[in-house]
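1. here is the input, now give the coordinates:
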Amino acid sequence: MALSRAIGDFQYKDKPELRPEDQAVTCLPDIKEVKRQNNKDEFLIVACDGIWDCKTNEQCVEFLKNAISGSGAPVLTPSTVCKPGEKLLDDCCAVNTEDGVGTDNMTAILIQFR
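-> Numbers count the residues shown, from 1 in each chain. Here you go, the predicted structure:
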């Protein structure tokens, strides 16, 4: 379901026996706390479902590591990897729009740890 449906689309929230967060669509986020490992963690990627429809967590991390480290050409700085029109979003855009993958809204934020 599209992110915008979390607030509206009441037809997906019509089960009176379920709590609001247990309905088919909810605005309650999934939150997982993970303790950072200063010597290992390089960055955090925050992205909407349009990105995750196209790449798994592992694929996205590998893609960004390659883009930042220079393994992929051209080398991009962390501040430009996720800008619209840059490498990550371009890579997720659909070549063929028939199956719908890569046609959703896409937003990504890259937070590099120093």
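
2. in the protein, which spans are helices?
-> Taking DSSP state H, the helices of the chain run over residues 49-52, 57-69, 78-81, 87-92.

3. with adjacent residues omitted, what lies nearest to Cys54?
-> Cys92 (4.1 Å; CB to CB, 6 or more residues apart in numbering). For glycine as for every other residue, the C-beta is placed from the backbone atoms N, C-alpha and C.

4. just checking, that neighbour touches Thr107?
-> No: using CB atoms under 8 Å, Cys92 is not in contact with Thr107; the gap is 10.9 Å.

5. who touches the residue nearest the centre of the chain in this structure?
-> Note on the chain: the residue nearest the mean C-alpha position is Ala47, at 2.6 Å, using CA atoms, centre = their mean. Contacts for Ala47 (CB atoms under 8 Å, 6 or more residues apart in numbering) come out as 60, 106-109.

6. just the buried ones from the residues you listed, in PyMOL syntax?
-> Entered in PyMOL, the line below selects the buried ones among these, by 16 or more other CB atoms under 10 Å:
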select buried, resi 60+106+108
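
7. of the contacts of Ala47, closest to Asp22?
-> Thr107 (26.8 Å; CB to CB).

8. pretty sure that closest one is touching Asp49, no?
-> No: using CB under 8 Å, Thr107 makes no contact with Asp49, being 9.7 Å away.

9. before we move on, back to that, for Ile68, see how far away the residue nearest to Cys54 is.
-> Counting by CB to CB, to the nearest Å, the gap from Cys92 to Ile68 is 17 Å.

10. out of these two, which sits in the more crowded spot?
-> Cys92 (22 against 19; other CB atoms under 10 Å).

11. which parts of stretch 34-54 are buried?
-> In stretch 34-54, counting by 16+ other CB under 10 Å, buried: 45, 47, 50-52, 54.
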